[in-house]
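*Asks:* Okay, here's the prediction I keep looking at, along with the sequence it came from:
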Amino acid sequence: MEAQTPKIVVIGAGWAGLGATYHLASQGYNVTLLEAGSAPGGLVAGWKTAGGRAVEAGIHGFWYPYRNIFSLIRKLGINPFTPFTRSSQYSPAGLEVESPIFQDLPQLPTPLGTFLYTQFKRLPLIDRLSALPLLYAVIDFDNSDAAWQRYDSVTARELFKDFGVSARLYHNSFEPMLLVGLFAPGEQCSAAAALGMLYFFILAHQPDFDVVWCRGTVGEMIFRPWLLAIEQAGGQVLTHRRVSDLTLDSTGSKVTGVVSGEGEVFDADAVIFAVGVSGIQKIVSGSSSLQSRKEFRDLMNLGAVDVLATRLWFDRKIDIPHPSNACFGFNPTTGWTFFDLNALHDEYCNEPGTVVETDFYHANQFLPLSDEQILPIVQRDLATCIPAFREAKVIDSNVIRLPRAVTHFAPGSYQYLLPGTTSFENVWMSGDWITNRHGSWSQEKAYVTGLEAANLVIERFGHGSKAQILPVEPDEPHIQLARTINQTVRGWSTAFLPNFWLP
Ligand SMILES: Cc1cc2nc3c(=O)[nH]c(=O)nc-3n(C[C@H](O)[C@H](O)[C@H](O)COP(=O)(O)OP(=O)(O)OC[C@H]3O[C@@H](n4cnc5c(N)ncnc54)[C@H](O)[C@@H]3O)c2cc1C
């Protein structure tokens, strides 16, 4: 018999950990959330500079299919978002693509709307048409375990090449999406991750690429009111608690406590991990309990990617056509984005100068540079897209280096990712990198996995109601039909030639 009010320890205060904590606290569990850093938020944390300016670890968009996050926002009764925004893409040659707000245009069966309404400035029709054969892979990849096994050992670049995507379409469209969506170039991304990510953000339904942003830092606009709600529900959030190990009972199969820092122990009837890949690897390196399990030792095979986030204040107003912009072709393996914060953030709408956030993904080569070396590179690249940046003066700036910050969905990595359950009977996993079948990505996935972990806790203790998790919107009927036919044909072929071909 477990304790009357089960004690749950959640480790890591990003979207996943906060999601699990909020739900369990609101169901009457005794929940303690331990966070290594000085503030909750994880990769989305924000803080103030010495000069009192708000900064954050990269700007975060909330795409149309983030149904669970939007539902949380309604539940909290807050109004943090901008309207849906348009976006542009730039290369060193200038403006390449403008995206409309897809939900405002007549709805077409997917992916027609995405291809017809996106305004490509230079990409010839023949290149766009070369994406058509790829539709087979989109149909075949249904986010099942079998589909991940089939596509995960192939690189995204090989997939696009094998399906006949033209070099220009790959370099000008697919690779930039991979650099921004999976933080790595195509030759370093799993084809499974590429198909899953592209389907969720772009291909499943016409409006999916529509995006809103917070009208300030996510920390201020969402996490602050959310933390108040967590505390009101009875949850305890403790910062500066770096977890280093778990204590086990005499059988070794059940966790009894969580060790933080220099040996502070938090008793636990159940534990939810909600840390990123590099966070869990650090814990495994120092934890004899986790080292005793193969699945945790195997996590050391996973990789993570460096990110750089900069915020620049310029001395004059510069006209930036759209608030969010993605850029490609400036460095072979680095993608970057820039955002007009005068347009997005309430705090800067009346600012006399321009405030820009510029984030670089797969930014390995930039991390060793000093701020003085990075800033001219950022200004030069901005000026390549919008020439008025060349003459402007940077009057303030903030540079945030995020080494090994985001998961590297490398080819062959799927076999090492953990599902929500573990071989410990009372330890569950959550976070944007674990495997689940929901189909979402990034912040939405992190939040959903937190709710899934909370539901597994509720299943074990039988106390309280499970969180309602909204599924991703169903596939459109023609996609459903194509998938059913494909699965039937696949079923026949494996019945006649089981395990003959490589998956
Ligand atoms: C620059 C950038 C831009 C991005 N843009 C977008 C975007 O536009 N839209 C989007 O949806 N997503 C975006 N993402 C991805 C998004 O940030 C993540 O998917 C999401 O925040 C992951 O949440 P999480 O809860 O899984 O993990 P995290 O946010 O990584 O949280 C894990 C927490 O665990 C803590 N922790 C680690 N080790 C320990 C320990 N030993 N003890 C205690 N605590 C520990 C960490 O300090 C951290 O707070 C972006 C990411 C970056 C870096």
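*Replies:* In hand now; what should we look at?
*Asks:* Pull up the gap between residue 479 and residue 202, please.
*Replies:* Summarising the geometry, the distance separating residue 479 from residue 202, computed by Cβ to Cβ, to the nearest Å, is 13 Å. Quick note: C-beta positions are derived from backbone N, CA and C, even for glycine.
*Asks:* ugh, typo on my part, it should be residue 154
*Replies:* On the measure of Cβ to Cβ, residue 154 and residue 202 end up 20 Å apart.
*Asks:* Same question for residue 337.
*Replies:* In this structure, residue 337 and residue 202 are separated by 16 Å, where distance is defined by Cβ to Cβ.
*Asks:* hang on, residue 479 packs against residue 110?
*Replies:* Yes. Using Cβ atoms under 8 Å, residue 479 is in contact with residue 110, at 6.8 Å.
*Asks:* Need the residues touching each of the two.
*Replies:* Both residue 479 and residue 110 are contacted by residue 204, under the criterion Cβ atoms under 8 Å, 6 or more residues apart in numbering.
*Asks:* List the pairing partners of the helix or strand bottoming out on mean pLDDT in the chain within its sheet, with orientation.
*Replies:* When the helices and strands of the chain are compared on mean pLDDT, DSSP states H and E, strand 46-48 comes out lowest with a mean of 85. The sheet places strand 46-48 alongside strand 54-56 (antiparallel), with pairing taken from DSSP bridges.
*Asks:* which residues sit against the strand it pairs with?
*Replies:* Applying Cβ under 8 Å, 6+ apart, the contact partners of strand 54-56 are 44-49, 216-220, 309, 311, 345, 347, 398, 400.
*Asks:* mind listing what the most centrally placed residue in the chain touches?
*Replies:* Nearest to the mean C-alpha position of the chain, by Cα atoms, centre = their mean, lies residue 442 at 2.0 Å. When contacts are counted by Cβ under 8 Å, 6+ apart, residue 442 is found next to residue 432.
*Asks:* how about residue 40, phi and psi?
*Replies:* For residue 40, the backbone dihedrals (degrees, to the nearest 10) come out as phi -70, psi 170.
*Asks:* how close does residue 197 get to residue 440?
*Replies:* Relative to residue 440, and taking Cβ to Cβ, residue 197 is found at 10 Å.
*Asks:* hang on, I meant residue 470
*Replies:* The separation that residue 470 has from residue 440, given Cβ to Cβ, amounts to 10 Å.
*Asks:* that older thread, the contacts of strand 54-56 in strands, which ones?
*Replies:* 46-48, 309, 311, 398, 400 (DSSP state E).
*Asks:* Let me know the helix or strand that the closest residue to the ligand within the stretch 151-300 of the chain is in.
*Replies:* Scanning the stretch 151-300 of the chain for proximity to the ligand using Cβ to the nearest ligand atom identifies residue 279 as nearest, at 2.9 Å. Under the assignment given by DSSP states H and E, the secondary-structure element containing residue 279 is helix 277-286.
*Asks:* Which element is encountered next along the chain beyond that helix?
*Replies:* helix 288-291.
*Asks:* list the helices and strands that following helix packs on?
*Replies:* Other elements packing on helix 288-291 under the criterion 3 or more Cβ pairs under 8 Å, 6 or more residues apart in numbering; DSSP states H and E are strand 243-248, helix 277-286, helix 294-297.
*Asks:* Can I get the ones you listed in CSV including mean neighbour count and mean pLDDT?
*Replies:* As requested, the helices and strands packed on helix 288-291 are exported to CSV (neighbours: other Cβ atoms under 10 Å; pLDDT from 0 to 100):
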stretch, mean neighbour count, mean pLDDT
strand 243-248, 19, 97
helix 277-286, 19, 98
helix 294-297, 14, 98
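*Asks:* between those, which gets nearest to residue 231?
*Replies:* Go through the helices and strands packed on helix 288-291 one by one with Cβ to Cβ and the one that ends up closest to residue 231 is strand 243-248, at 20.7 Å.
*Asks:* How about residues contacting the helix holding residue 279?
*Replies:* Around helix 277-286, the neighbours that count as contacts under Cβ under 8 Å, 6+ apart are 11-12, 36, 243-245, 273, 275, 290-291, 296-297, 299-300, 302-304, 404-405, 407-408, 433.
*Asks:* switch to 7 Å and redo it
*Replies:* 12, 243-245, 273, 275, 290-291, 296-297, 299-300, 302, 304, 404, 407, 433 (Cβ atoms under 7 Å, 6 or more residues apart in numbering).
*Asks:* Strand 243-248 and that one, what's the angle between them?
*Replies:* 60 degrees (axes from the mean of the first three to the mean of the last three Cα atoms, to 10 degrees).
*Asks:* pLDDT score for residue 492?
*Replies:* Looking at residue 492, its pLDDT is 87.
*Asks:* roughly how far is the host helix or strand of it from the heart of the chain?
*Replies:* When elements are defined using DSSP H and E, residue 492 is found to belong to helix 477-496. If you compare the mean C-alpha spot of helix 477-496 with that of the full chain, they lie 30 Å apart, counting by Cα atoms, centre = their mean, to the nearest Å.
*Asks:* Stretch 486-498 now?
*Replies:* The gap between where stretch 486-498 is centred and where its chain is centred comes out at 34 Å by Cα atoms, centre = their mean.
*Asks:* what comes into contact with that stretch?
*Replies:* 139-140.
*Asks:* hey, C-alpha coordinates of it in PDB?
*Replies:* The C-alpha atoms that make up stretch 486-498 are tabulated as PDB, following Å, rounded to 0.1, in the frame of the first residue of the first chain:
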ATOM      1  CA  ASN A 486      -0.500   1.400 -48.100                       C
ATOM      2  CA  GLN A 487      -0.700  -0.500 -44.800                       C
ATOM      3  CA  THR A 488      -2.700  -3.300 -46.500                       C
ATOM      4  CA  VAL A 489      -0.200  -3.700 -49.300                       C
ATOM      5  CA  ARG A 490       2.700  -3.600 -46.800                       C
ATOM      6  CA  GLY A 491       0.900  -6.300 -44.700                       C
ATOM      7  CA  TRP A 492       0.700  -8.600 -47.800                       C
ATOM      8  CA  SER A 493       4.300  -8.100 -48.800                       C
ATOM      9  CA  THR A 494       5.600  -8.800 -45.200                       C
ATOM     10  CA  ALA A 495       3.400 -11.900 -45.100                       C
ATOM     11  CA  PHE A 496       5.100 -13.300 -48.200                       C
ATOM     12  CA  LEU A 497       8.600 -12.100 -47.700                       C
ATOM     13  CA  PRO A 498       9.000 -11.500 -43.900                       C
END
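*Asks:* Before I go, just wanted to say thanks for your time.
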